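J.: 3D model of this:
(2 chains)
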Amino acid sequence: MRRLIALLVLGIIGGTLAPAYAAEGLSGDVSVGGAYSGPAPDNAKYREFWTGMHSAFAVMPQGRVSWETRVGDTPLEVNGGLNGRSGLEGISHEGDAGLDVASLGLFRFTGSYKRIGHSFAVDAKSLYSGIGTGVLTFTDPTLQPTMTAVSATNYKTSTLQKYVDSADLVNLGLRRDIVNLGVEVSAAEPLTLGVAFMGEQRRGSRPFWACFGMGNSVEIAEPIDYDTFDVSTNVGYAETVPLAGGIPVVAEVTAAHSGFRNNIPNLVFGNPGGAVSMSNTYSGLPLAGSVSLEPSNAADRVGASVSAMLPHHVGVSGHASVARMTQNMVLPAMSINPDRPFAPPSQLTAGMKVYQSFYDTSVAYSPVRRVHVKLRASYRQHDNRSPSFVRPAPWINYDSSVSTVSATSHAVSSIERTYEFEQVFDVSHRTRITSIFEHERASFINGSADAMRTNAFKLAVDTRVADWAMVRASGLHAVRDSAYPDYRLVNAELPWERKYYAADRDRDQLTLMASAMASEDLDITVEHREGLDDYKHSLFGMSRDRSQASTVDVTWGAGDGVSVNTFVSQEQYVTNQRSRQWNPDTATAPGSGNPYSASPTPEDPGNWTIESTTVVRTIGTRTDLQLVPETLSMRIEGTASVANGKLDYESPLSATLPLDSNMWLPNDVNASDETKSINAGVSVRYQVTKAIWASLAYRYDLWQIRDDNLDGYSPVAVNWANAYNGMVNMDALWKNYEVHTVLASVGMSF
Amino acid sequence: MTAAMIAAVAGMPRWAVSAEAGAEPDALPAAEEPATPVATPAVEAPKPAEVAKPAEAPKPAEVAKPAEAPKPAADARHGEGESKAEPVGASTCLGCHAAREDFRGNVHAKVWPKVKGIDFEHSCEACHGNGSEHAGAAGDKANPGYATVKRASEGSEACMTCHKGRGRMHWEGSVHETRGVGCTGCHSVHSGHGAKNLRTADPKDVCLGCHQNLKGELRRQSHHPILEGRITCGDCHNPHGSAGRKLLVGDSLNQTCFKCHADKRGPFLWEHRPVSEDCTVCHLTHGSVHDKLLRQKSPILCQSCHSGSRHPGTPNAVNPNTPGDSTYERLRVQVYYRGCLNCHPTIHGSNHPAGNFYLR
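T.: Numbering: from 1, shown residues only, chains lettered A, B, ... in the order given. Down below sits the predicted model:
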């Protein structure tokens, strides 16, 4: 309450004093508002970006001040702003404040602070205490001994459910506090100098899964304790150099450093399933597990760009940058269980080093009027010089069982070369044709493919069919050929499966757009897009990806202070995949790696396809009305979006295999989901005097999700026999909400 | 698509179409302003005292030599637009374009005297070129002199004579430049909003005016908080051109993502290949109907690459004959809740010695 009073007092003082300074170049506005929302604003999805109300009541101070003055004959501008939202619960304040001091042509200083957040879950069920730290222990110390003592799976379910029912309810979310500082100096033109700093703290927690082995996983709160800071500087030069009659040259050199520190790089958590024996099997579960979180890292980058307009209408530009990303965290222990034997790995620190370089050059030339051509070439290298990490057997997985299969990391490196030729032809003063041919070659070390080559042709026609209308049509045809390795030899992956981002692909895209000023006050735009990715040689994996999207947008100035903007869009996305269970090559059964010649047979139910369809329909509208000119205005706005998803599985049935012999066998079955979102509101603003205004608003928000796969969902997952399946979550999925909000505010301009 | 965008296509004059609702038209020739009498400038030009408040009159030291006014680069191209016109001064321009009086409050008019040595009287012709022939045409479009001034749609090169460098290094040849989206497609030089003189008060509305498909995408259930004002289009894209693709501010897509998601930068001890190659292999950038901006829901997304042996190769639908009271009881653990991420939480990469399957 003290904070509320302070804000109100600040607003009143600011509003009172501000007019006194108006004559001295001060201008701006201040406002303060309050809001009530209900019936249930405590919903993580509603609060996701902290834009929704954080409590039933909230205070929202806002202010913006500009001051223009002169120091000698030098103009000086000072701009400040404050945008805050204060929940009375005292935990959910957000906002931003900025200061901008500039004498354009001499310098500009900018500084800002903002606090933003992200909510993940409200009232999540947590069995743990220590949230926000690196060690999660059970709030109830009897949980683990009790669960360990329970052997019957059915009884494990009911026992764990009791603990979950009485679990702590916690909010999971993070808060970002960000400071930006920047100085640009242009007093010495043509030389300019810029320095920028960004510092950010992220604090909070988010839902995260932890695993104790096959089918034994628990959702926990991952601590977020990040510090990030970026520093960059640039020196620019822009001048016409006295060569060949004057050549405009622009050049810039930049250097940047970014550091990221995770103050909690590892997390230890108790096992709610209870511990049994520590035997060398998957069933041997530990009392606690451990996981590594995102490692602290650093990145440095130096870059230079130059462009010049040479004689004969030739524009050239070049860009070069080199970057380095490093990460050298001390690796966590193989296991927190000291009695598990393991062989020491090859290194105790990460020692990761990646060097990146990027060179790009282009030449733009206009040989004759109406014709422009551009040649562009770029070279991009991602050079991972990290040492291979060798983890010899035996090693410990899941902090429990011991594995005898060694592993070695393989750093991914790549080189990508791109060549582009673009031609723009102004056929007439109304029509422009643009064609682009692009050739790209990429090679990889330890990549998903060994090499890829892509040829793409783009064509666009922009034409003004009348003074009041234009049509834009563009198309793309691209063919990607990939040198794909035989992964079954190294990773036991399905032969002829292709990872879609590295597979042979034919891509076709078409976009049609028409825009017309149907009348002086009516602006209509229609757009339709079609896309097809055909993974023509992918016998397994994604085979097709089709998309369609249509949008109609209408802006209407209805006269007498009435303006309307409405848009409608429909999108459809369809992907097709094919897969199958498969027995990989083994030393004792060579040749079984052929999924068509070896068991299981092609008719096996493990041979399956899926078609995934998503249809999204969105409509939005906004109407502004000047009910009484310059005195009373109203805005009515709303958007609604419905997304329907469907997963359609099919599998050929074996004549010898009964339908229910495999409980996971699909036989032309569907799973659907629907997400619905509605936001609507109306606001009225009354200009009390020339300087003072008041507004009243109402807002309606709804979000609903229905998913077949969540039918009967509960935090303690059970199988069809009502037996504990080894998984417990925090009940942290998005939940439906419906919220009504009333807002009122008053403000003053000066 | 705004009227300014329509106008921008193929060099179409901005004034050839009506102004967008709420936007101030740029450089309307006299004939397009019916309320303004068309007459010889000498007759219609207001007296200087009527135009400028005495307090705002430029100080002698600030008055520039007309010869110092930046010359639009377009003049040099193929002899296009070369003119023998003489300067006439802003007071003559305002005789017909009275609405442009508000330019006195524009950042250009404020800054030019000190920075460029251009006083208000010479400010119109600093960008539009010398106006004597245009003024002499007195609004008659048929008069060859009428078209001798530079219009907004031709303004990019005029703007770039001053606004070079600092993020506009790669303007020449950028997709906006070659597709005819000039400076005035997004900025209203005379009376825009905010420090950047944008055509709309909300910066994202400038982008969404053309990129209409994003209006729907940004309203999907999972989206970057652009509509909420937490980030802007400009945080990821440089509309003035970049060396990278898609006008991204970073040299690569991943570099752009790492600006905010530095925690995913690694490099990790155990890399997940698509992560180091391209974030968009799994994530959409603007909006998705699936959580975490994923292209598809898990496990379908994961199975599009991992569908060989053991559980990745198992279809994860409910068989109608499977016993159980609810779908949830009949599904496998790989489909429950967050799908594959139930057991593979460190999917972006792991720094754990035992993390090669992203389980730890």
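J.: going forward, measure contacts and count neighbours with C-alpha atoms only.
T.: OK.
J.: For burial, what's the neighbour tally of residue A:188?
T.: 12 (other CA atoms under 10 Å in any protein chain shown).
J.: per-residue pLDDT, it?
T.: What the model reports as pLDDT for residue A:188 is 87.
J.: hmm, who's touching stretch B:204-216?
T.: A:527, A:549-551, A:553, A:569, A:617-619, A:641, B:1-2, B:5, B:186, B:198-200, B:226-227, B:232-233, B:286 (CA atoms under 8 Å, 6 or more residues apart in numbering or on different chains).
J.: and these, which of them are in strands?
T.: If you go by DSSP state E, those have A:527, A:549, A:550, A:551, A:553, A:569, A:617, A:618, A:619, A:641 in strands.
J.: Just the buried ones from these, in ChimeraX syntax?
T.: Buried subset of the ones in strands among the contacts of stretch B:204-216, written as a ChimeraX selection, criterion 16 or more other CA atoms under 10 Å in any protein chain shown:
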select /A:527,549,550,551,553,569,617,618,619,641
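J.: Give me the subset of the ones in strands among the contacts of stretch B:204-216 that also touch chain B.
T.: Contacts with chain B within these, as defined by CA under 8 Å from any CA of the partner chain: A:527, A:549, A:550, A:551, A:553, A:569, A:617, A:618, A:619, A:641.
J.: Save these as CSV, and put in pLDDT and distance to residue B:276 too.
T.: Below are these laid out as CSV (pLDDT from 0 to 100; distance: CA to CA, whole Å):
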residue, pLDDT, distance to residue B:276
A:527, 94, 34
A:549, 95, 30
A:550, 95, 33
A:551, 95, 34
A:553, 95, 38
A:569, 95, 34
A:617, 96, 33
A:618, 95, 34
A:619, 96, 37
A:641, 95, 33
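J.: can you pull up the bridge partners for residue A:516?
T.: residue A:469, residue A:524 (DSSP bridges).
J.: isn't it right next to residue A:527, touching?
T.: No. The pair residue A:516 and residue A:527 does not pass the contact test of CA atoms under 8 Å, sitting 11.8 Å apart.
J.: low-scoring stretches of the stretch 501-650 of chain A, by residue?
T.: A:581-606 (pLDDT under 70).
J.: And the longest helix belonging to chain B, what does it pack against?
T.: Assignment by DSSP state H gives helix B:107-115 as the longest helix of chain B. Packing partners of helix B:107-115 (3 or more CA pairs under 8 Å, 6 or more residues apart in numbering or on different chains; DSSP states H and E): strand A:74-87.
J.: what angle separates the strand it packs on from helix B:107-115?
T.: Put simply, strand A:74-87 runs at 140 degrees to helix B:107-115, going by axes from the mean of the first three to the mean of the last three CA atoms, to 10 degrees.
J.: List the pairing partners of strand A:74-87 within its sheet, with orientation.
T.: Here, using DSSP bridges, strand A:74-87 pairs with strand A:57-71 (antiparallel), strand A:94-103 (antiparallel).
J.: Turn these into JSON lines, columns for mean pLDDT and mean neighbour count.
T.: Formatted as JSON lines, the strands paired with strand A:74-87 follow (pLDDT from 0 to 100; neighbours: other CA atoms under 10 Å in any protein chain shown):
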{"stretch": "strand A:57-71", "mean pLDDT": "78", "mean neighbour count": "19"}
{"stretch": "strand A:94-103", "mean pLDDT": "84", "mean neighbour count": "19"}
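J.: I am finished for the moment; much appreciated.
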